[in-house]
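Colleague: Pasting the sequence and the predicted model now:
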Amino acid sequence: MTGAFGWLDITVLAAYLLGVTAWGAWLGRDQKSGTGYFLGNRDLPWWAVLLSVVATETSTLTFLSIPGVAYFGTLGFLQLTLGYLAGRTVVSLVLLPRYYQGELNTAYAHLEERFGVGARRTTSGIFMVTRLLADSVRLFATAIPLALITGWPYALSIAVIGLLTLVYTYFGGIRAVVWVDVLQMALYLAGAAIAIAVLQTLIPGGWSAGLAAASAEGKLEWLNFSPDPAITYTFWTGLIGGGIFSMASHGTDQLIVQRLLTCRNLRDSQRALVGSGVVVIAQFAIFLFVGIGLWAFYEGRPFEVADEIFAYFIIQELPAGVAGLLIAGVFAAAMSSLSSSINSLASASAYDFWAPLAKAEGDEFRILRVGRVLTLVWAILLIGVAILYIPMSADSTAVEVALTVASLVYGAFLGAFFLGILDSKARQAPLIIGMVLAIGSVTLLWIFGDGIVAWPWFTLIGGVITMAVASGLSRIVGPGEAK
């Protein structure tokens, strides 16, 4: 029997949410230091870190938004994954070895070693603002199915999800985040597989008929070799723009770098990073095909909000119990990303700002205690900004909003890291000026240049501006101090 969410579905969902929250909190029972809380004592297996990286970067946006992208468009989004794999490969060979040369606690500690404390705090501060904005959008996307199920307003739905995630993140630290990610990724991929199987029975003529109809409409096209930079999904924006975006997101963003630093050694970290690129390709393909199946089932009928399509299908069309399992998958995806965000924000706050200012570097017990307070603060901020996003939610899919926001600053980050490697004359003050100009320029391009350049190119543009300005100013100012 299909139809509205029933008691069996609610029971399945509630059991999952309470169970995973309790388990995650239990995993942190032996936390005794800041290194243990934020880096898992640098002793986590690479395969678990790999799955945690994938779960963190894709989350609810993959589960809900990517099907919506395919529903209203084609499989063209898949072109970005080619660049994602290429970018991670470069990071594994160029940046990860430098991270493992010393006992770094955050991605931005490397910039302090090369440029100075100002560069570290500038990049860390920008990371915090950007991560707050981007992951608040992710949190909002997760509230959609809960609001549809319960009839609650979005604000209450956001608060419930945020508070449940906070519990196990607060007590469990990064170890709980990683291991719960492993479970939650398995669950939401199982949910996608179930949806694909159910669509076979619901689409008139099954998947063969649905794919034939989609092919006739050009929806199965995934390669576009157009050189036009205004087109968002082409081979070139995917390979070049997506590659540079991935280099920044997986080489300079504390959200991902923190996970890579929990591995036992450099080789394990490289395995986790490159392997995540392979898994992401398969994962995006799965959810894009879910979107094609939904298009065939609904015969392309219009929806006001793209992110609601898959959630609506789950609630209205799946059998009792199965719907509850898939909605649990939605929450699994969301909680994995949100917990990672909260922990990484608290980590950057503790190590990049609080510990140096409080002269507590090396005091692992104090860092642990303050880290938990910061975990609480960032969770509240994420919930609050997600609620503020509600009035803007109908304009585009959440995944594209989150990726665009991140791309505005990733170029500055990537430019800073590569400038430190490639230009021995580059200095701190010119670097900070270059980063600010790059972010400002790309933001203006985003606001006023609609239709000129698509967002996957923003990271490349920002990186070039950062390096050109910082390198040029460093030579004008002169050698000065190294930091």
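Modeller: Nice, I can see it.

Colleague: switch to C-alpha atoms for all contacts and neighbour counts from now on
Modeller: Fine.

Colleague: Asn224: neighbouring residues, count only.
Modeller: By the measure other Cα atoms under 10 Å, the count of residues near Asn224 is 15.

Colleague: Okay, and it sits in which element?
Modeller: Using DSSP states H and E, Asn224 is not contained in any helix or strand.

Colleague: Identify the residues contacting it.
Modeller: 76, 233-235 (Cα atoms under 8 Å, 6 or more residues apart in numbering).

Colleague: That one and Tyr168, how far apart?
Modeller: According to Cα to Cα, to the nearest Å, Asn224 and Tyr168 sit 43 Å apart.

Colleague: per-residue pLDDT, the most centrally placed residue in the chain?
Modeller: Most central in the chain under Cα atoms, centre = their mean is Glu57, positioned 3.1 Å from the mean C-alpha point. pLDDT, Glu57: 80.

Colleague: The residue nearest to it when sequence neighbours are not counted and Arg175: what is the separation?
Modeller: Sequence neighbours aside, Ser337 is the residue nearest to Glu57 in space, at 6.8 Å (criterion: Cα to Cα, 6 or more residues apart in numbering). Remark: distance between Ser337 and Arg175 (Cα to Cα) = 14 Å.

Colleague: for the stretch 301-450 of the chain, what spans make up the helices?
Modeller: For the stretch 301-450 of the chain, helices defined by DSSP state H, counting those that start in this stretch occupy the ranges 309-317, 322-348, 355-357, 364-389, 398-422, 428-448.

Colleague: who does the lengthiest helix in the chain touch, helix- and strand-wise?
Modeller: As assigned by DSSP state H, the longest helix anywhere in the chain is helix 154-202. Packed against helix 154-202 by the contact rule (3 or more Cα pairs under 8 Å, 6 or more residues apart in numbering; DSSP states H and E) you find helix 7-27, helix 34-39, helix 46-60, helix 117-150, helix 206-216, helix 266-298, helix 322-348, helix 364-389.

Colleague: Most tightly packed of these?
Modeller: Of all the helices and strands packed on helix 154-202, helix 322-348 has the most neighbours on average by mean count of other Cα atoms under 10 Å, namely a mean of 28.

Colleague: by contact count, what packs against it?
Modeller: The contact analysis (3+ Cα pairs under 8 Å, 6+ apart) places helix 322-348 against helix 7-27, helix 34-39, helix 46-60, helix 117-150, helix 154-202, helix 254-260, helix 309-317, helix 364-389.

Colleague: In contact with the spatially closest residue to Phe353 that is not a sequence neighbour, which residues?
Modeller: Among residues not flanking Phe353 along the chain, Arg121 sits closest, at 7.0 Å (Cα to Cα, 6+ apart). Arg121 sits next to 108, 352-353 when contact means Cα under 8 Å, 6+ apart.

Colleague: List just the nearest of the residues you listed to Trp26.
Modeller: Asp352 (28.0 Å; Cα to Cα).

Colleague: wait, the closest one sits on Ser124?
Modeller: Yes: counting by Cα atoms under 8 Å, Ser124 is a contact partner of Asp352 at 6.9 Å.

Colleague: Show me where the protein dips below the pLDDT cut-off.
Modeller: Applying pLDDT under 70 to the chain flags the ranges 1-5, 59-61, 103-104, 145, 149, 390-400, 402, 478-483.

Colleague: ok, now with 50
Modeller: 1-2, 395, 481-483 (pLDDT under 50).

Colleague: Send me the host helix or strand of Arg98 as PDB with only the CA atoms.
Modeller: Take DSSP H and E as the rule and Arg98 turns out to sit in helix 96-99. Extracted C-alpha coordinates of helix 96-99, given in PDB (Å, rounded to 0.1, in the frame of the first residue of the first chain):
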ATOM      1  CA  LEU A  96      49.100  16.100   1.400                       C
ATOM      2  CA  PRO A  97      52.900  15.400   1.700                       C
ATOM      3  CA  ARG A  98      53.300  18.900   3.100                       C
ATOM      4  CA  TYR A  99      50.600  18.400   5.600                       C
END
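
Colleague: which element follows that helix toward the C-terminus?
Modeller: That would be, after helix 96-99 and using DSSP H and E, helix 109-114.

Colleague: mind checking the end-to-end distance for stretch 204-222?
Modeller: Stretch 204-222 has an end-to-end distance of 24 Å (criterion: Cα to Cα).

Colleague: and it, how far out from the chain's middle?
Modeller: 30 Å (Cα atoms, centre = their mean, to the nearest Å).

Colleague: swap in stretch 375-395?
Modeller: Worked out by Cα atoms, centre = their mean, stretch 375-395 lies 15 Å from the chain centre.

Colleague: How about stretch 349-360?
Modeller: That offset, for stretch 349-360, works out to 25 Å (Cα atoms, centre = their mean).

Colleague: Quick one: end-to-end distance for that stretch.
Modeller: With Cα to Cα as the measure, stretch 349-360 spans 13 Å from end to end.

Colleague: Now it: buried residues?
Modeller: Within stretch 349-360, the residues scored as buried using 16 or more other Cα atoms under 10 Å are 349-355.

Colleague: same deal with stretch 78-96?
Modeller: Under the neighbour-count criterion of 16+ other Cα under 10 Å, stretch 78-96 has 78-92, 95-96 buried.

Colleague: What about these, which are in strands?
Modeller: If you go by DSSP state E, the buried residues of stretch 78-96 have nothing in strands.

Colleague: The residue nearest to Glu57 and Ser52, how far apart?
Modeller: Taken as Cα to Cα, the span from Ser337 to Ser52 is 9 Å.

Colleague: cool, Arg98 as well?
Modeller: 22 Å.

Colleague: Equivalent analysis for Gly449, please.
Modeller: Distance, Gly449 to Ser52, using Cα to Cα: 36 Å.

Colleague: who's in contact with the residue nearest to Asp9 when sequence neighbours are not counted?
Modeller: In space, and not counting its chain neighbours, Asp9 is closest to Gly324: 3.9 Å by Cα to Cα, 6+ apart. When the contact criterion is Cα under 8 Å, 6+ apart, the partners of Gly324 are 5, 8-13.

Colleague: Save the residues you listed as JSON lines, and put in distance to Ala328 too.
Modeller: Putting these into JSON lines (distance: Cα to Cα, whole Å) gives the following:
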{"residue": "Phe5", "distance to Ala328": "12"}
{"residue": "Leu8", "distance to Ala328": "12"}
{"residue": "Asp9", "distance to Ala328": "9"}
{"residue": "Ile10", "distance to Ala328": "10"}
{"residue": "Thr11", "distance to Ala328": "11"}
{"residue": "Val12", "distance to Ala328": "8"}
{"residue": "Leu13", "distance to Ala328": "5"}
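
Colleague: of all the residues you listed, which comes closest to Ala25?
Modeller: Checking the contacts of Gly324 one by one against Ala25 (Cα to Cα), the nearest turns out to be Leu13, at 18.5 Å.

Colleague: I'd guessed the closest one sits against Ile327; true?
Modeller: Yes: when contacts are counted by Cα under 8 Å, Leu13 is listed as touching Ile327 (6.9 Å).

Colleague: picking up where we left off before, which neighbours do Asp352 and Ser124 have in common?
Modeller: Common neighbours of Asp352 and Ser124 (Cα under 8 Å, 6+ apart) are Tyr108.
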